[in-house]
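Colleague: Please find the sequence and the predicted model below.
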Amino acid sequence: MDRSGRVRPFLRRRLIAVCTATVLAVPGLAALSSAARAADADLARNGGFESGLDSWTCTAASTVNSPVRSGGSALKATPAGSDYAQCSQTVTVKPDSQYTLSGYVRGSYVYLGASGTGTTDVSTWTQSATDWQQLTTTFRTGASTTRVTIYTHGWYGTGTYYADDLSLVGPGVDAGQPPAAPTGLAVGTVTSSSVALSWSGVAGATGYAVYRDGVKVQTATGTSATVSGLSASTAYSFQVAATNDAGESAKSATVTATTSAGSGGGSSDLPAHALVGYLHASFANGAGYTRMADVPGSWDVIDLAFGEPTSTTSGDIRFTRCPVTECPTVESDADFKAAIKAKQVAGKKVLISIGGQNGQVQLTTTAARDTFVSSVSKIIDTYGLDGLDIDFEGHSLSLDASDTNFKSPTTPVIVNLISALKTLKAKYGSKFVLSMAPETFFVQLGYQYYGTGKWGGQDPRAGAYLPVIYALRDDLTLLHVQDYNSGSIMGLDNQYHSMGGADFHIAMTDMLLTGFPVAGDANNVFPPLRPDQIAIGMPASTNAGNGYVPPTEVNKALDCLTKKTNCGSYATHGTWPGLRGLMTWSINWDRYGSWEFQKNFDGYFG
């Protein structure tokens with residue numbers, strides 16, 4: 001949140017994605033005998049990208065319908081910074097056999113290659129292809145090689161490339177039959193948000209697919225899995241299928257489980273649709289000061305901006321009310337507290353928000369963690385507040401290079417923050433309201449990048465809020481990501497979405513309600529949150545920050561997410577009438593803009 005009122009740039013460094021292939025010299029093309037040719041087959045799956053990116057693992061890529069070499073689709077990928085936008089797939093091959101890899105490409109510095117051959121990994125490339133150009137290379141598999149990875153990619157900073165009609169021609173492999181359906185599917189530990197499953201192993205299976213209510217939600221290599229991201233007090237059905245190179249078995253018999261009642265994250269007495277706003281309580285800026293008593297009754301959650309640390313790593317949070325020299329109309333402490341009490345009697349929640357643009361908080365030690373808990377408690381007790389909002393921005397949260405699993409974080413600033421918030425929740429009980437207001441860089445960007453990445457070099461802040469949200473998902477009342485002051489973010493449709501219209505809010509919110517693989521890893525999925533935990537963060541006016549959209553676009557986003565009507569180009573993965581509501585920066589800026597944001601919310605939800 002920017003207390004200055006000026007539009008501030010998106011805090012983003014260029015990121016480096018993973019490249020698994022090594023570019024080596026291209027061997028001469030080997031001739032195949034007529035007998036061998038007769039047995040050859042094209043082993044590449046979806047080589048023409050007619051089924052989107054199915055069977056391919058890609059970074060910064062999508063499919064387009066123009067330009068294409070044949071059919072209706074082609075691959076489009078855009079290297080950015082040190083990410084050269086690789087797409088790859090792993091193919092089953094025969095040992096000690098000859099294969100020809102070919103494909104058509106367009107663009108500058110486009111590569112086509114194979115790794116894991118068991119002999120000499122190969123690649124070929126073109127420096128410039130203004131129109132479709134065929135690339136071809138060959139390789140021989142090693143004596144024990146059964147799987148090879150084929151790939152295409154661009155090069156650092158050279159712009160978009162296209163690929164189409166990729167093929168790997170050589171001896172096919174008899175994949176045999178899919179395995180039998182698993183038996184013995186049983187329910188284990190059940191919580192308010194997860195169900196543990198186990199089943200008997202199947203001969204010939206190389207993996208298992210887990211289905212929830214008929215939809216595949218995850219895969220497993222062993223005979224157990226925990227399905228998370230579930231809603232409390234809700235019945236679910238589960239099935240499992242076994243997989244191997246020949247395909248997927250029939251599904252197992254169905255088992256059902258009902259999740260336990262959750263704590264609700266302190267949200268049980270919020271209205272079904274809530275309006276959340278930040279109140280400039282410690283400063284004025286261009287929006288001017290608004291007294292607590294003058295905040296209209298439409299605002300259901302009022303976040304006091306901001307509590308800030310005495311130093312970045314002290315953990316000692318102080319809340320200083322706006323001085324009369326800056327805010328001539330500021331009320332006395334007694335009147336301020338009385339107005340808070342009046343809001344609470346009317347059913348409103350008043351929280352202290354920690355951080356903001358200037359309040360960098362890094363809990364690097366357990367001592368700082370404990371100081372954070374005690375100092376925040378003092379603020380809450382002094383003003384009789386209902387809870388806490390975490391608005392850590394800038395460099396407050398980042399991940400150590402060795403910290404790669406959001407479900408089991410090891411970075412001290414992450415671990416200590418989680419511990420501090422759990423302590424505060426336990427201290428104040430189930431009615432304690434806990435909310436978070438991260439930027440898109442720290443949440444949705446995690447779909448593509450997480451921390452420094454497996455090979456290093458990425459911005460360590462990418463996705464850094466994910467472990468905090470995940471650890472506190474059962475205690476979290478509201479998550480309202482700031483859908484503003486943001487760069488373009490890739491949605492679940494593998495397209496980049498930018499601020500300025502309903503589609504950005506739809507795509508960003510759909511990611512939170514659907515869940516997503518972190519850093520493209522299908523086996524490491526950030527599970528969806530409940531719709532009652534989600535409010536969409538928007539600027540109240542053009543003065544408040546980049547990304548303002550007029551009320552018509554706000555309503556389009558709400559229509560699409562809650563009714564699946566009035567949708568634009570982004571196709572949501574569900575419909576969520578229980579979406580909690582909207583958050584805005586800020587109440588002061590909305591007052592400055594004649595209460596446009598509030599009036600539109602009231603008109604929409606009644």
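Modeller: Looks like it arrived, so ask away. Nothing here was measured: the structure is a model prediction, and the numbers come from that model.
Colleague: Double-check that residue 373 belongs to a helix.
Modeller: Yes. Under DSSP: H, G, I helix; E, B strand; the rest coil, residue 373 sits within a helix.
Colleague: wait, it sits on residue 417?
Modeller: No. Assessed by CB atoms under 8 Å, residue 373 is found out of contact with residue 417, at 10.7 Å. C-beta: built from backbone N, CA, C; applies to glycine.
Colleague: ok, these two, which is more surrounded?
Modeller: Using other CB atoms under 10 Å as the criterion, residue 373 and residue 417 rank with residue 417 on top: 28 against 20.
Colleague: For the strand or helix carrying the more buried one, give me every contacting residue.
Modeller: In the assignment (DSSP states H and E), residue 417 maps to helix 412-428. For helix 412-428, contacts defined as CB atoms under 8 Å, 6 or more residues apart in numbering pick out 362-366, 368-369, 372-373, 376-377, 380, 387-388, 390, 392, 396-399, 403, 409, 432, 434, 464, 467-468, 471-472, 475.
Colleague: ok, the helix or strand following it: who's next to it in the sheet?
Modeller: Per DSSP H and E, helix 412-428 leads on to strand 433-436 as the next helix or strand towards the C-terminus. If you go by DSSP bridges, strand 433-436 pairs up with strand 387-392 (parallel), strand 478-479 (parallel).
Colleague: looking at these, which is buried most?
Modeller: With neighbours taken as mean count of other CB atoms under 10 Å, those reach their highest mean count in strand 478-479, at a mean of 28.
Colleague: Show me how far that one is from its chain's centre.
Modeller: Remark: strand 478-479 is offset 15 Å from the chain centroid, using CA atoms, centre = their mean, to the nearest Å.
Colleague: so what does the helix or strand following it touch, helix or strand wise?
Modeller: Proceeding N to C from strand 478-479, the next assigned helix or strand is strand 489-490, under DSSP H and E. Counting contacts by 3 or more CB pairs under 8 Å, 6 or more residues apart in numbering; DSSP states H and E, strand 489-490 packs against strand 496-497, helix 502-514.
Colleague: Tell me where the model's unsure across the stretch 351-500 of the chain.
Modeller: Scanning the stretch 351-500 of the chain for pLDDT under 70 picks out nothing.
Colleague: how about a markdown table for the strands paired with strand 433-436, with distance to residue 495 added?
Modeller: Listed next are the strands paired with strand 433-436 as a markdown table, based on distance: least, CB to CB, whole Å:
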| stretch | distance to residue 495 |
| --- | --- |
| strand 387-392 | 29 |
| strand 478-479 | 23 |
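Colleague: out of those, nearest to residue 199?
Modeller: Ranking the strands paired with strand 433-436 by proximity to residue 199 (CB to CB) places strand 478-479 first, at 33.5 Å.
Colleague: And the strands in the stretch 151-300 of the chain, which stretches?
Modeller: 161-171, 186-190, 195-198, 207-212, 215-220, 224-227, 235-244, 247-248, 255-258, 274-280 (DSSP state E, counting those that start in this stretch).
Colleague: Mind putting the ones you listed into TSV with mean pLDDT?
Modeller: Shown next, in TSV, are the strands of the stretch 151-300 of the chain (pLDDT from 0 to 100):
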stretch	mean pLDDT
strand 161-171	96
strand 186-190	88
strand 195-198	90
strand 207-212	90
strand 215-220	80
strand 224-227	85
strand 235-244	91
strand 247-248	84
strand 255-258	91
strand 274-280	97
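Colleague: ok, the nearest residue to residue 176 once chain neighbours are set aside - how many residues close by?
Modeller: Leaving aside its sequence neighbours, residue 176 sits nearest to residue 246 (CB to CB, 6 or more residues apart in numbering; 5.1 Å). By other CB under 10 Å, the residues close to residue 246 number 16.
Colleague: what's the answer for residue 377, then?
Modeller: By other CB under 10 Å, 16 other residues sit near residue 377.
Colleague: Ramachandran coordinates for it?
Modeller: Backbone torsions of residue 377, given as degrees, to the nearest 10, read phi -60, psi -40.
Colleague: Which stretches in this structure count as helices?
Modeller: Here the chain has its helices, by DSSP state H, at 34-39, 333-345, 366-383, 412-428, 466-471, 502-514, 551-563, 587-592, 596-605.
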